[in-house]
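the following comprises the amino acid sequence and a computationally predicted model.
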Amino acid sequence: MGEERWFFRNDEEWNGIAERLKLMQCPHCKVVGTLIRHGFLYGFDESSSRSDTVRARRIFCSNRHARPGCGRTFSVWCADKIRRLRMTTGALWLFLQYVVGSGVLAAIRALNCRLNRADKSLTTILDGSHLMDLANLRKLRLLFEDFPKNHHLILMGRPTLLANLDLGINQDIKSRVTYSVITKRLGPDALRDFIRRELDRAGLGHNTFTAPAVDLIVRSADGVLRQARNLCVGCMIEAVRSANKTIDIDNVNRVLLQPHWQKEADLVDY
């Protein structure tokens, strides 16, 4: 059974969901045949600040009268209310400042005007996306179809991700990729510069890693930026454990002896 989308755009879509309730799984307990309608979820909107408006329909997974449900409830949201669930910390703080100064309705108006004038876009970055099940990536694609057009999704991972997207069964996902690039391996000097820049950003001296330690890290990373970073972090954790303020070649060797660094694929097959 496919994953249900628990929102509706209009009354016709809600009626379709209501008619299929007995055929749907509960999102909590996965039992079929126990879902029933359970009223409304109300809230205040800018268009009607003095009275409640329907924001969602409530669904109950019935465990009454010996039914096998879990007894939990959940919401089927009106599509035009979903965007109000997303707010950054900065936007929330700004909203609260307006509320204290001018009231809720004025705060909503001011915040909407500020965001519209800024013409901002929302970008989501998924690191290690080659580890994702493509079924989940397909669900994300369907989810983002209902997002504003100024929303962007960046997938970061190994080239195996592109190879999987090239399969015919995944053409629906690949057709949404507007730009792709495979980063090249970095040279030894570039990796050394990267390590120094990261030390500067952390407020640490360049002598935190001895020269032989840096050389070994560069050779082990084999030009892969992610491997260099992970190896440096592992060395710093090992230094803390051994109460050393300087990371030397012995420290790096102890990290390289760990099982996940013994797989040649981790360093070469990239």
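Looks like it came in fine. Numbers count the residues shown, from 1 in each chain.

who are the packing partners of the helix or strand hosting V100?
Taking DSSP states H and E as the criterion, V100 maps to helix 89-102. When contacts are defined as 3 or more Cβ pairs under 8 Å, 6 or more residues apart in numbering; DSSP states H and E, helix 89-102 sits against helix 104-118. All C-beta spots, glycine's among them, are computed from the backbone N, C-alpha and C.

now do the helix it packs on, average pLDDT.
Throughout helix 104-118, pLDDT has a mean value of 60.

and stretch 77-97, by the same measure?
68.

any regions of the stretch 51-200 of the chain where pLDDT drops low?
Applying pLDDT under 70 to the stretch 51-200 of the chain flags residues 51-52, 82-89, 91, 104-122, 143-151.

show me the contacts for the residue nearest to R176 when sequence neighbours are not counted.
Leaving aside its sequence neighbours, R176 sits nearest to R141 (Cβ to Cβ, 6 or more residues apart in numbering; 5.9 Å). R141 is in contact with 172-173, 176, counting by Cβ atoms under 8 Å, 6 or more residues apart in numbering.

got it, and T34?
Taking Cβ under 8 Å, 6+ apart as the test, what T34 contacts is 26, 61-63, 67-70.

mind checking how far it is from S175?
38 Å (Cβ to Cβ, to the nearest Å).

repeat for W6
26 Å.

which residues of the stretch 151-270 of the chain fall in strands?
Ranges of strands in the stretch 151-270 of the chain, per DSSP state E, counting those that start in this stretch, are 151-156.

still on that earlier bit, buried residues of the helix holding V100, list them for me.
The neighbour-count criterion (16 or more other Cβ atoms under 10 Å) identifies 94-95, 98-99 as the buried residues of helix 89-102.

what's the answer for stretch 181-199, then?
Within stretch 181-199, the residues that count as buried by 16+ other Cβ under 10 Å are 186, 191-192, 194-195, 199.

now, which of the residues you listed lie within helices?
Cross-referencing these against helices under DSSP state H gives 191-192, 194-195, 199.

can you pull out the helices in the chain?
11-19, 79-82, 89-102, 104-118, 134-144, 160-165, 171-174, 188-201, 211-221, 225-241, 249-256, 264-267.

between the ones you listed, which one is nearest to D127?
helix 225-241 (9.0 Å; Cβ to Cβ).

could you give the mean pLDDT of the closest one?
88.

that helix - contacts with which helices or strands?
Counting by 3+ Cβ pairs under 8 Å, 6+ apart, helix 225-241 packs on helix 188-201, helix 211-221, helix 249-256.

what sits up against it?
So helix 225-241 is contacted by 183, 186, 191, 194-195, 198, 209, 213, 217-218, 220-221, 245-247, 251-252, 254-256, 258, 261, 266-267, 270 (Cβ under 8 Å, 6+ apart).

let's see it at 7 Å
186, 191, 194-195, 217, 220-221, 247, 251-252, 254-255, 267 (Cβ atoms under 7 Å, 6 or more residues apart in numbering).

any chance of CSV for these, columns distance to L126?
Converted to CSV, the contacts of helix 225-241 look like this (distance: Cβ to Cβ, whole Å):
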residue, distance to L126
L186, 23
L191, 25
F194, 22
I195, 26
I217, 27
S220, 26
A221, 23
I247, 31
N251, 32
V252, 30
R254, 32
V255, 27
L267, 23
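
of the residues you listed, which pair is most distant in space?
Maximum distance among the contacts of helix 225-241 (Cβ to Cβ): 24.6 Å, for L186 and R254.

name the nearest of the contacts of helix 225-241 relative to A135.
L267 (29.4 Å).

let me see the domain layout of the protein.
Per the record, the chain has its domains at 7-84, 89-118, 122-174, 188-267, by automatic domain parsing.

which non-adjacent residue is nearest L23?
V32 (6.8 Å).

so what's the residue count around the one you found?
Counted with other Cβ atoms under 10 Å, the neighbours of V32 add up to 13.

for it, name its beta-bridge partners.
Q25 (DSSP bridges).

how about the contacts made by it?
V32 touches 23-25, counting by Cβ under 7 Å, 6+ apart.

check contacts around the closest residue in space to T34 that isn't next to it in sequence.
Among residues not flanking T34 along the chain, G69 sits closest, at 3.4 Å (Cβ to Cβ, 6+ apart). Applying Cβ under 7 Å, 6+ apart to G69 gives the contacts 26, 29, 31, 34, 61-63.
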